[in-house]
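Colleague: okay, sequence plus prediction incoming.
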Amino acid sequence: MRLSEASARFTTHLAQVRRLSAATVRAYRSDLADLGATMGDLPVAEIGLEELRDWLWQATQRGDARATLARRSATARSFFAWAHDEKLIDADPSIRLVSPKRPRTLPRVATADTLDDLLAEMREDAARGDAIALRDHAILELLYASGIRVSELCGLDVDDLDLDRSTARVLGKGGKERVVPFGRPAREALDAYLRRGRPALLARTARPSAAIFRGVRGGELGPRAVYELVARTLGPRIGAAAVGPHALRHSAATHLLDGGADLRAVQEMLGHASLGTTQIYTHVSAERIAAAYKLAHPRA
């Protein structure tokens, strides 16, 4: 079987059997397409360790980032392990494939005071009753209060919210469902938006749906609009023009741990499959403690 056909079967397996997100499947497909563009549409059984090393070397020569090389190595290992399980190859050539380690960067985090100031200003704007201001305030409050991903926020339907219990039911990566809590400020912002903002936005479209968050014309709100909202409102306050909704997720996790929350409880709230993913926020907290120590302790 040639690489193109095997790649198509593999990405179908990822989407339908492993139920990975559409974005993750696209990344795998893109990496395998790059392998095919470099090596040609060879039979899978003819691709060995040297071919894979040459593929990564050519990517290095193009100036691809270390993170990209690490991801493509991971794609190759997943693909050839699957091909071996499917009896398409006799031996897995990717087992000995070595890739550069992905540089571990700490997430950008806003301080609690910065977010308090931002959300207070947005609450004042929303109090005037403008539908978009009500929506934007509810979005930022919920992202920070719950730590959910932007895709999870955009996928929320009205029935997914329980304002009495201050919880939201979200569908995370791999189709895994979880229930996340949020606090009083987020509940009040959501209640105001659902009563006064959302009906006004729905009146602008002939195709209503159960999605909670709506665009200017009344259609379902997409992730790009949320990215633009966060970049416009939070970006200038933390000096990062490219900041996105994940900054609020990072901030929520870090502030929970700073406040003494249990690491596994934070893992469950964020929907992380691995505790190691959540542990990066302990490094953020440790860095902040170290910085405060250096500034304040006379013997630092």
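Modeller: Arrived safely.
Colleague: what's the burial count for V109?
Modeller: Neighbourhood size, V109 [other CB atoms under 10 Å]: 24. C-beta coordinates here come from the backbone N, C-alpha and C atoms, glycine included.
Colleague: how close does it sit to S30?
Modeller: 30 Å (CB to CB, to the nearest Å).
Colleague: also L163?
Modeller: L163 sits 41 Å away from S30 when distances are taken as CB to CB.
Colleague: same question, D117
Modeller: On the measure of CB to CB, D117 and S30 end up 40 Å apart.
Colleague: before we move on, what about G197?
Modeller: 38 Å.
Colleague: what about those two, which has more around it?
Modeller: Set G197 next to S30 and count neighbours by other CB under 10 Å: G197 wins out with 25 against 13.
Colleague: can I assume the more buried one sits in a strand?
Modeller: No. Judged by DSSP: H, G, I helix; E, B strand; the rest coil, G197 forms no part of a strand; its state is helix.
Colleague: would you map the strands across the protein?
Modeller: 161-162, 167-171, 177-181 (DSSP state E).
Colleague: so what strands line up beside the shortest one?
Modeller: Within its sheet, strand 161-162 is paired with strand 167-171 (antiparallel), according to DSSP bridges.
Colleague: show me what counts as buried in the partner strand.
Modeller: Neighbour counts over strand 167-171 (16 or more other CB atoms under 10 Å) mark T167, A168, V170, L171 as buried.
Colleague: look up the residues forming beta bridges with the second one.
Modeller: For A168, the residues forming beta bridges with it (DSSP bridges) are L161, V180.
Colleague: in contact with it, which residues?
Modeller: L142, S146, I148, L156, D160, L161, D162, V179, V180, F182 (CB atoms under 8 Å, 6 or more residues apart in numbering).
Colleague: out of the residues you listed, which end up buried?
Modeller: Looks like the contacts of A168 have L142, S146, I148, L156, D160, L161, V180, F182 buried, using 16+ other CB under 10 Å.
Colleague: if you average the pLDDT over stretch 15-27, what comes out?
Modeller: Across stretch 15-27, the average pLDDT comes to 88.
Colleague: with just CA atoms, put that stretch into CSV.
Modeller: Extracted in CSV, the C-alpha atoms of stretch 15-27 (Å, rounded to 0.1, in the frame of the first residue of the first chain):
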residue,chain,number,x,y,z
ALA,A,15,-11.0,10.6,13.6
GLN,A,16,-13.4,7.7,13.9
VAL,A,17,-11.7,5.2,16.2
ARG,A,18,-9.5,7.3,18.4
ARG,A,19,-11.9,10.3,18.1
LEU,A,20,-9.2,12.9,18.1
SER,A,21,-10.1,16.5,17.4
ALA,A,22,-10.4,17.8,13.9
ALA,A,23,-7.4,20.1,14.4
THR,A,24,-5.2,17.2,15.6
VAL,A,25,-6.2,15.1,12.6
ARG,A,26,-5.4,18.0,10.3
ALA,A,27,-1.9,18.2,11.9
